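# Quick one, fold the following:
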Amino acid sequence: MDKNCTKWSYATPTTGKEPQKENEIAMDTTALRLLGVEPKLGTNVTITYQAGNGTDTGIPQTDSFILVGYWEYDDLMPVHYINVSKAYVDKINEKCIAAGDEALDIDLNVMLPSKLNIREQMEKIDTDLGYDWNTRDQENSARIGVNWGLTASSVSSDIDFSLVAAILAFFLLIIFTGYLIIYNIFQISVTGDIRFYGLLKTIGTTPRQLRHIITQEALFLCIIGIPVGLLLGYGIGAVLTPIALETTSIIGTKAAISSSPLIFIGSAVFAIITVFLSCRKPGKMAAKVSPVEAAKYTEGMTGKKKKRHSRGAKVYQMAFANLGRNKKKTILVVVSLTLSVTLLNVLFSLVNGFDMDKYVDRSTCADFIVSSTDYFRYNTADEYIGADTIDEIKENTDETVSGSGYDLADISPMMWMETDQYSKLAENYLSGKELQEEISHYEQKGDSILVDVSIEGFDDGLFDKLTVVKGSLEPLSDPDSHAIAVAVSTDDYGNIVNLDNYPELGDTYTVNYQIGYDIDSRTGERADQQTTPEEYLEYHEEEAKEVEYSV
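Reported below is the predicted structural model:
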């Protein structure tokens, strides 16, 4: 793997470096321990493998390498990566060709410029290169699969204009709030120095020069305030962000504070534009005032006479009278304060609007799940955790409610389902072409297809977590009833998706249980996956059994 592929495969050495010479190697610490090698740079590592494109065919090869890099293995990774140099790959490739074997396959990893419309981008690449993503066995077939972690980016293909309008309104609110605050500051400053500007006019200062003075004052404040504000903002964010994440339910989240120059440049430009827009009107006000008006200027002073009262002034009356001296200024100040509070409230709602508990509740009913790594990879498991492990967990856990789920080992349950019913259930997850393609690979009999079925058993702890939509779960307690309960899919708000497409109460279905496992060809007995050599493993299938269930 080159540097980019190593990075994208999460196989970058945390200690040491990537292989460069023919006899250098890098691998994870778990694989090293399985080989009986201590993770230490410079250690000799001997690898025996089949050199070729297949796992069971190829040229037997044994080579020794010098360990130049290693990293900690993640149990959720599907494989152990062993990284060698390009020089070594070229050597083995020439050896395979010389032996009459095919040249080694080369995987090309391409990072697209954007995560938006991933599938559409891949389809265009396939089309441009002359491939067809809707077939599997054709010469020009090139399958496409989009990682579920990127499916949210497909939202852009169906733009929600109300969402776009809300985002634009939010940014306009930020700009307008900043404008009003800075405008009020300069308005108050100009009003306080109005006599000073009048005196400047008396000695011959032109309106243009007065506006230039206001602009220079704004520029001087920007030179001091913007760098200080950016540094303080970055510093406070770097300190408070990890603390804020620790106090939220986002457990295990690592804070990555970006220091990209583009962020600082963009913030500075935004602040400068806002300041200069805000000081234009106060500058015009200072330029228009005459020396005589400036000398006798009193804010809010008018020629209207006020009626005098002998009962004395009250505090609230004085306050309201002061607000009424300059109604325009009062309105601007009130609007500025209101928008500032509104903006703070909106930001607070956005930051705290995501409830991790509600999000996780859609996927699991427990605080944690314990199983084999195959379970979390959605792979067929060769082994499961046993009762002893479960008892040990219970002894060391202060749980309130716990439960276990049971899957069928070495058994592949399948059932006949009407094609129309299967299509209705799968149309929310597959496109029309994908659905038709998937159906074409199933065994068909009349209007029905033979599909895989997931059958699980729950103990009482998990049964208490189930929400019954229709019917009752009591028949499941009777081992002779052959009753089943069908799990339904829900949307983000807990609403059932297409309930009418699911089986009705009382419907019966026949499930075929195909039992298969590996035997040791030397003894004919069931093989131990851990100790039996691979060449003696032989897959054995028993006669399928049929069981009729009632919903």
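# which helices and strands does the helix or strand where residue 213 lies pack with?
Here residue 213, judged by DSSP states H and E, is contained in helix 207-247. Helix 207-247 sits against helix 161-192, helix 194-202, helix 261-278, helix 280-288, with contacts defined as 3 or more CB pairs under 8 Å, 6 or more residues apart in numbering; DSSP states H and E. For the C-beta atoms, the positions are set from N, CA and C on the backbone; glycine is no exception.
# CSV for those, including distance to residue 491?
What follows is the helices and strands packed on helix 207-247, written out as CSV (distance: least, CB to CB, whole Å):
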stretch, distance to residue 491
helix 161-192, 18
helix 194-202, 62
helix 261-278, 36
helix 280-288, 50
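# Looking at those, which is nearest to residue 441?
helix 161-192 (38.1 Å; CB to CB).
# helix/strand/coil for the nearest residue to residue 448 once chain neighbours are set aside?
Once flanking residues are discounted, residue 448 sits nearest to residue 416: 4.4 Å by CB to CB, 6 or more residues apart in numbering. Classification of residue 416 by DSSP: H, G, I helix; E, B strand; the rest coil places it in strand.
# per-residue confidence at residue 416?
Residue 416 carries a pLDDT score of 84 in this model.
# Could you measure from it over to residue 442?
The spacing between residue 416 and residue 442, counted by CB to CB, to the nearest Å, is 10 Å.
# Next: residue 390.
Residue 390 sits 36 Å away from residue 442, going by CB to CB.
# For the two, indicate the residue with more neighbours.
residue 442 (17 against 13; other CB atoms under 10 Å).
# Phi first, then psi, for the more buried one.
phi -90, psi 150 (degrees, to the nearest 10).
# Help me confirm that it comes into contact with residue 448.
No: using CB atoms under 8 Å, residue 442 makes no contact with residue 448, being 9.4 Å away.
# quick one: buried residues of stretch 189-205?
By 16 or more other CB atoms under 10 Å, the buried positions in stretch 189-205 come out as 189, 190, 191, 193, 194, 197, 198, 200, 201, 205.
# mind listing the strands in the chain by residue range?
15-16, 24-28, 44-51, 59-71, 82-84, 405-406, 411-418, 443-445, 448-452, 457-458, 508-520, 537-541, 545-550 (DSSP state E).
# Would you mind finding the most buried of those strands?
Mean neighbour count (mean count of other CB atoms under 10 Å) peaks for strand 24-28 among those, with a mean of 24.
# Tell me the span between the first and last residue of stretch 125-144.
End-to-end distance for stretch 125-144, by CA to CA, to the nearest Å: 10 Å.
# so how far is that stretch from its chain's centroid?
Mean-position distance between stretch 125-144 and its chain equals 29 Å (CA atoms, centre = their mean, to the nearest Å).
# now do stretch 441-452
Chain-centre distance of stretch 441-452: 36 Å, with CA atoms, centre = their mean.
# which intervals of the stretch 401-550 of the chain have sub-threshold pLDDT?
Applying pLDDT under 70 to the stretch 401-550 of the chain flags residues 401, 409-410, 428-429, 431, 492-493, 530.
# What are the boundaries of the helices in it?
Using DSSP state H, counting those that start in this stretch, the helices found in the stretch 401-550 of the chain span residues 419-426, 432-440, 460-463.
# now for these, which one comes closest to residue 286?
helix 432-440 (68.3 Å).
# So what angle separates the directions of the closest one and strand 448-452?
Helix 432-440 runs at 90 degrees relative to strand 448-452, counting by axes from the mean of the first three to the mean of the last three CA atoms, to 10 degrees.
# I'd like the numbering to begin with 347 instead of 1 from here.
Sure thing, new numbering starts at 347, so read that last one as helix 778-786.
# Just list what helix 778-786 packs against, helices and strands only.
Secondary-structure packing of helix 778-786 (3+ CB pairs under 8 Å, 6+ apart): helix 765-772.
# re the thing from before, same list, the buried residues of stretch 535-551, but as TSV with distance to residue 378 and pLDDT please.
Output for the buried residues of stretch 535-551, formatted as TSV (distance: CB to CB, whole Å; pLDDT from 0 to 100):
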residue	distance to residue 378	pLDDT
535	69	75
536	73	72
537	75	71
539	74	75
540	79	74
543	78	75
544	83	77
546	79	80
547	83	78
551	80	81
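# Redo these as a markdown table? Include distance to residue 441.
As requested, those are arranged in a markdown table below (distance: CB to CB, whole Å):
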| residue | distance to residue 441 |
| --- | --- |
| 535 | 81 |
| 536 | 84 |
| 537 | 87 |
| 539 | 86 |
| 540 | 90 |
| 543 | 88 |
| 544 | 93 |
| 546 | 89 |
| 547 | 92 |
| 551 | 88 |
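# So residue 743 versus residue 735, what's the distance?
12 Å.
# ok so, going back, including distance to residue 827, could the strands of the chain go into a markdown table?
Shown next, in a markdown table, are the strands of the chain (distance: least, CB to CB, whole Å):
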| stretch | distance to residue 827 |
| --- | --- |
| strand 361-362 | 59 |
| strand 370-374 | 49 |
| strand 390-397 | 52 |
| strand 405-417 | 53 |
| strand 428-430 | 52 |
| strand 751-752 | 18 |
| strand 757-764 | 18 |
| strand 789-791 | 27 |
| strand 794-798 | 24 |
| strand 803-804 | 14 |
| strand 854-866 | 12 |
| strand 883-887 | 29 |
| strand 891-896 | 7 |
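# For residue 710, find the nearest of these.
In terms of CB to CB, the element of those nearest to residue 710 is strand 751-752, at 11.1 Å.
# what's in contact with that closest one?
With contacts defined as CB atoms under 8 Å, 6 or more residues apart in numbering, strand 751-752 is touched by 802, 803, 804, 805, 808.
# between the helices and strands packed on helix 553-593, which one is nearest to residue 868?
So among the helices and strands packed on helix 553-593, helix 507-538 is nearest, using CB to CB, at 65.0 Å.
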